[in-house]
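Peer 1: What follows is a predicted protein model with its sequence.
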Amino acid sequence: MTAQIIDGNALSKQLRADVALRAAALYARGITPGLAVVLVGDSPASQVYVRNKIKACEDNGLHSVLEKYAATLSEADLLARVYALNNDPAIHGILVQLPLPAHIDAQKVIEAISPAKDVDGFHVASAGALMVGQPGFWPCTPYGCMKMLASIGYDLRGKHAVVIGRSNIVGKPMALMLLQKNATVTICHSATKDLKAMTLQADVIVAAVGKCNVLTADMVKPGAVVIDVGMNRNAEGKLCGDVDFDGVKEVAGYITPVPGGVGPMTITMLLINTLEAAERL
Ligand code: GUN
């Protein structure tokens, strides 16, 4: 059996066409949806991520502002910038790229962002809204994974979903979104005793660990849907996900590739959250 590929680039293209239409409808109301991206320091990986986010805004009719600061920026100065952006009427979404330098308390900065502009969905108000099923911004990566499942018409009701990883950005919100669609959800993590015993029971597996080849073919039930959130480099410096793609694609029913899977979907959901922030005005 060879799995069907869930193509994040193709799905993003479809969804971004709709973004452009929604942006046009906002212009007609005199609103230009705007995203501010704040980057502190010069991490090469963060610079690439941020550049891709800004380019996606430009390509799809959203206004974007990139604010770059030296790694020595103080926490107080960063907080002051966030407060200024909260009060800037041209800005509907604020994203502070993580990780931040060690001298800055990232959670404090996230909590300084107005929940109405929290398009990353990392604020405790956003996390709480997701937890209790109230409207709020959903973190872009797990939200993108949900769109990928919807794109194959997958009904999660009563299915067993196993999430590997428990980060605030992916694992935990992913589990809540799957639960909201009536899946039975198991969260596995570094202290899980027998990961393979868990994943072999799964109808859906979301791997969000940040390590190559955490999920191999022997750990997957035939026909399962496998979503790979990983974006790692192996010992040879080659890009790889968390899933052994070549092996797992022979067992799974559906699989997302790396690159070209969850990555572009994360940016697409950021555009959608930003539009939504502007539409709520
Ligand atoms: N760093 C890695 N992924 C993300 C993300 O989705 N948002 C932010 N703000 N920082 C990140």
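Peer 2: Thanks, I have it.
Peer 1: Pro135 and His103: what is the separation?
Peer 2: 35 Å (Cβ to Cβ, to the nearest Å). Placement of C-beta: from N, CA and C, glycine included.
Peer 1: How about the residues of the stretch 51-200 of the chain by the ligand?
Peer 2: Leu95, Val96, Gln97, Leu98, Asp120, Cys140 (Cβ under 6 Å from any ligand atom).
Peer 1: just checking, which of the residues you listed belong to strands?
Peer 2: Counting by DSSP state E, the part of these found in strands is Leu95, Val96.
Peer 1: Just give me the closest of the residues of the stretch 51-200 of the chain next to the ligand to Asp18.
Peer 2: Nearest to Asp18 among those: Cys140, at 16.0 Å, using Cβ to Cβ.
Peer 1: Do I have it right that the closest one meets Pro264?
Peer 2: No - applying Cβ atoms under 8 Å as the test, Cys140 and Pro264 come out as separate, 11.0 Å apart.
Peer 1: So those two - more neighbours on which side?
Peer 2: With neighbours defined as other Cβ atoms under 10 Å, Cys140 and Pro264 compare such that Cys140 has more, 27 against 22.
Peer 1: Could you check how far the residue nearest to the more buried one when sequence neighbours are not counted is from Cys240?
Peer 2: Spatial nearest neighbour of Cys140, chain neighbours left out: Met269 (3.9 Å); criterion: Cβ to Cβ, 6 or more residues apart in numbering. From Met269 over to Cys240 the distance is 23 Å, taken as Cβ to Cβ.
Peer 1: With Met146 instead?
Peer 2: Look at Met146 and Cys240: by Cβ to Cβ, they are 24 Å apart.
Peer 1: Please save the CA atoms from stretch 196-216 in PDB.
Peer 2: Backbone C-alpha positions of stretch 196-216 (Å, rounded to 0.1, in the frame of the first residue of the first chain) are rendered in PDB as follows:
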ATOM      1  CA  LYS A 196       4.900   2.200  19.600                       C
ATOM      2  CA  ALA A 197       2.100   0.500  21.600                       C
ATOM      3  CA  MET A 198       0.200   3.800  21.500                       C
ATOM      4  CA  THR A 199       0.800   4.700  17.900                       C
ATOM      5  CA  LEU A 200      -0.100   1.200  16.700                       C
ATOM      6  CA  GLN A 201      -3.700   1.800  18.000                       C
ATOM      7  CA  ALA A 202      -4.000   5.200  16.200                       C
ATOM      8  CA  ASP A 203      -6.200   6.000  13.300                       C
ATOM      9  CA  VAL A 204      -4.500   9.400  13.200                       C
ATOM     10  CA  ILE A 205      -1.000  10.300  14.300                       C
ATOM     11  CA  VAL A 206       0.300  13.800  14.600                       C
ATOM     12  CA  ALA A 207       4.100  13.800  15.100                       C
ATOM     13  CA  ALA A 208       5.300  17.100  16.700                       C
ATOM     14  CA  VAL A 209       8.500  16.300  18.500                       C
ATOM     15  CA  GLY A 210      11.300  18.000  16.600                       C
ATOM     16  CA  LYS A 211      13.500  14.900  16.000                       C
ATOM     17  CA  CYS A 212      14.100  12.900  12.800                       C
ATOM     18  CA  ASN A 213      12.500   9.500  12.400                       C
ATOM     19  CA  VAL A 214      10.600   9.400  15.700                       C
ATOM     20  CA  LEU A 215       7.800   7.500  13.800                       C
ATOM     21  CA  THR A 216       8.800   4.500  11.700                       C
END
